[in-house]
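K.L.:
got a sequence here, can you model it:
(chains A, B, C and D)
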Number of protein chains: 2
Amino acid sequence: MGISERREREKQELREKILEKAKEILIREGQDNLSIRNIATAIEYSPATIYLYFKDKDEIVYELMEMGFGKMTEELGDAFELPDPVERIRRIGQGYVTFGLKNPEWYDIMFNAPQPIQHLHKCQEEWGYGIQLFDFLVSTCDDAMQQNRTRKQDPRLVALHLWSTVHGLVNLSRSQRLEMVEQNHNDSLIQRTMESMLQCIFN
Amino acid sequence: MGISERREREKQELREKILEKAKEILIREGQDNLSIRNIATAIEYSPATIYLYFKDKDEIVYELMEMGFGKMTEELGDAFELPDPVERIRRIGQGYVTFGLKNPEWYDIMFNAPQPIQHLHKCQEEWGYGIQLFDFLVSTCDDAMQQNRTRKQDPRLVALHLWSTVHGLVNLSRSQRLEMVEQNHNDSLIQRTMESMLQCIFN
DNA sequence: AAATATAATGAACAGTGTTTAGTAAAGTCA
DNA sequence: TGACTTTACTAAACACTGTTCATTATATTT
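P.N.:
Purely as a prediction, here's the structure:
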């Protein structure tokens, strides 16, 4: 009988419509306006209906985080496949920061918001995308080390150094702290700082 | 006539009591529970009264940010006066990160929250404490450069590199992203990453 | 004591996430 | 087709949030 299958499909469709509208609200109105009621209005259902498709708001934000990682991975494009490890790191770093500066709402959900992590804890699951990205960075740092492009040390320390810096730069910009200490702060200052870091880590 | 002076004094006292209770709530219950109503209950006045002493909540959070800077400066202690610029940077960096990890609520208000910056915009004022700290860092980097302890370059880039990294580390820890990618993440991993950065910038 | 100036508040507004009891619709079977 | 069951949905409520404003209470001055 195809009825229960159709029902399953319809259920899936509404679930995806909720996420689609949530995404639109996030982009157009920001995280502050991403409320259950606003999503409900957008999909033309009552707020309570959303709870038949998602356990809570954390789960919706978690799904948005996954969408964000998809978007970022897409934008990073072929940077992952560059043969030279240092160039790989450079291009990934630039792409990461550019993504963060151009999509602060996405970035915030992916790397700052507590909701997705809360959801992972509730499900006892791992942060797949994050782990994947960090592990790739660690192994790329290891590649660079094998080629004597950087000092011998725990590659996780180099990876964390890199990640912290780009994360810090994006957040200092997003929180308006950078423009408070550097009036003529622009993307170039951030780019040059990144380059300064790369020059200092690799050779 | 001393009456208007006494009134002024009483007004100041209640204002400070509000901030004192706000601070207590922030420490004991976190930023999420720092609501006007909770403060009102704590000072045994109605919520509306608070608006006779502060323009809005942003102003209260701004004042807490200033308190936080006082607290941090205190904890950094004599690190500012170390004669060796690199040692100065090392100790300030360690103090900064330790403060951030031990006082996430304070740190968040000081370096992440939008409210204090919103307040500064409304008053058309500058971020005094932040500028002071960053400028000190820039000039310390300059000192190190004069002593040939680091490559010749714009000291602002080195300062921003340092700040971004420690800011990134504190935020990755605070947002639980670090423990998601490194199960046995502890303060030592962060400390070693900082040391790795210092080894790579200075000599 | 009456008039005035200051201080404080109750109640409301428009919002938030979430739960629950009850209703409407759809599917099943005689 | 009509009765029964299962599924889908929602109105209303709860306990919150920041903020404003008309009204009341208190303190000071005349």
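K.L.:
all contacts plus neighbour counts: C-alpha atoms, from now on.
P.N.:
Noted.
K.L.:
from B:H185, how far off is A:F202?
P.N.:
25 Å (CA to CA, to the nearest Å).
K.L.:
oops, could you answer that again for A:I43 instead?
P.N.:
Distance of A:I43 to B:H185, given as CA to CA: 42 Å.
K.L.:
ok, now A:T193?
P.N.:
Applying CA to CA, the value for A:T193 to B:H185 is 27 Å.
K.L.:
those two: who's more crowded?
P.N.:
Neighbour totals were compared for A:T193 and B:H185, and A:T193 leads with 24 against 13 (other CA atoms under 10 Å in any protein chain shown).
K.L.:
assign the more buried one to helix, strand or coil.
P.N.:
When classified by DSSP: H, G, I helix; E, B strand; the rest coil, A:T193 comes out as helix.
K.L.:
do the same with A:Y45
P.N.:
coil.
K.L.:
burial count for it?
P.N.:
Other residues near A:Y45 come to 13 when the count uses other CA under 10 Å.
K.L.:
over to A:P85?
P.N.:
21.
K.L.:
pretty sure it contacts A:L137?
P.N.:
No. Using CA atoms under 8 Å, A:P85 is not in contact with A:L137; the gap is 9.6 Å.
K.L.:
which residues does the residue nearest the centre of chain A contact?
P.N.:
By CA atoms, centre = their mean, the mean C-alpha position of chain A lies nearest to A:M110, the distance being 3.7 Å. The contact partners of A:M110, by CA atoms under 8 Å, 6 or more residues apart in numbering or on different chains, come to A:65-66, A:68-69, A:116.
K.L.:
could I get the pLDDT score of it?
P.N.:
As predicted, A:M110 sits at a pLDDT of 98.
K.L.:
for A:P104, see how far away it is.
P.N.:
For A:M110, the distance to A:P104 (CA to CA) stands at 10 Å.
K.L.:
quick check: A:G95 touching A:E74?
P.N.:
No. Here A:G95 does not reach A:E74: they are 10.3 Å apart, not a contact under CA under 8 Å.
K.L.:
residues of chain A that sit close to DNA strand D?
P.N.:
Proximity of chain A to DNA strand D is confined to A:7-8, A:11, A:44-49, A:52 under the rule CA under 7 Å from any atom of the strand.
K.L.:
tell me which of the contacts of A:M110 is nearest to chain B?
P.N.:
Taking CA to the nearest CA as the measure, chain B lies nearest A:P116 of those, at 10.2 Å.
K.L.:
count of residues packed around A:P116?
P.N.:
Close neighbours of A:P116, defined as other CA under 10 Å, add up to 24.
K.L.:
tell me the contacts of A:K23?
P.N.:
A:K23 touches A:L64, counting by CA under 8 Å, 6+ apart.
K.L.:
do you know the pLDDT at it?
P.N.:
pLDDT, A:K23: 98.
K.L.:
for it, pull up the helix or strand it's in.
P.N.:
helix A:3-29 (DSSP states H and E).
K.L.:
next: A:M67.
P.N.:
helix A:57-76.
K.L.:
then A:T165?
P.N.:
Going by DSSP H and E, A:T165 is part of helix A:155-174.
K.L.:
can I get that helix in CSV, CA atoms only?
P.N.:
Coordinates of each C-alpha in helix A:155-174 appear next as CSV, following Å, rounded to 0.1, in the frame of the first residue of the first chain:
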residue,chain,number,x,y,z
PRO,A,155,50.2,19.1,14.0
ARG,A,156,47.1,19.5,16.1
LEU,A,157,48.8,22.6,17.7
VAL,A,158,49.4,24.1,14.3
ALA,A,159,45.9,23.3,13.2
LEU,A,160,44.4,24.8,16.3
HIS,A,161,46.6,27.9,16.0
LEU,A,162,45.3,28.4,12.4
TRP,A,163,41.7,27.7,13.3
SER,A,164,41.7,29.9,16.4
THR,A,165,43.2,32.8,14.5
VAL,A,166,40.6,32.8,11.6
HIS,A,167,37.8,32.1,14.1
GLY,A,168,39.1,35.0,16.2
LEU,A,169,39.3,37.3,13.3
VAL,A,170,35.8,36.6,12.1
ASN,A,171,34.4,37.0,15.6
LEU,A,172,36.3,40.2,16.3
SER,A,173,34.8,41.6,13.1
ARG,A,174,31.3,40.3,13.8
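K.L.:
got the angle for that helix vs helix B:155-174?
P.N.:
Orientation of helix A:155-174 against helix B:155-174 (axes from the mean of the first three to the mean of the last three CA atoms, to 10 degrees) gives an angle of 100 degrees.
K.L.:
is chain B within reach of helix A:155-174?
P.N.:
Yes. Helix A:155-174 comes into contact with chain B (CA under 8 Å from any CA of the partner chain), by way of A:157-158, A:160-161, A:163-169, A:171-172.
K.L.:
most widely separated two among those?
P.N.:
A:L157 and A:L172 (21.7 Å; CA to CA).
K.L.:
circling back to that earlier point, list the contacts of the helix holding A:T165.
P.N.:
With CA under 8 Å, 6+ apart, helix A:155-174 has contacts from A:93, A:96-97, A:100-101, A:104, A:134, A:137-139, A:141-142, A:145, A:178-179, A:190, A:194, B:111-112, B:161, B:163-169, B:171-172, B:189, B:192-194, B:196-197.
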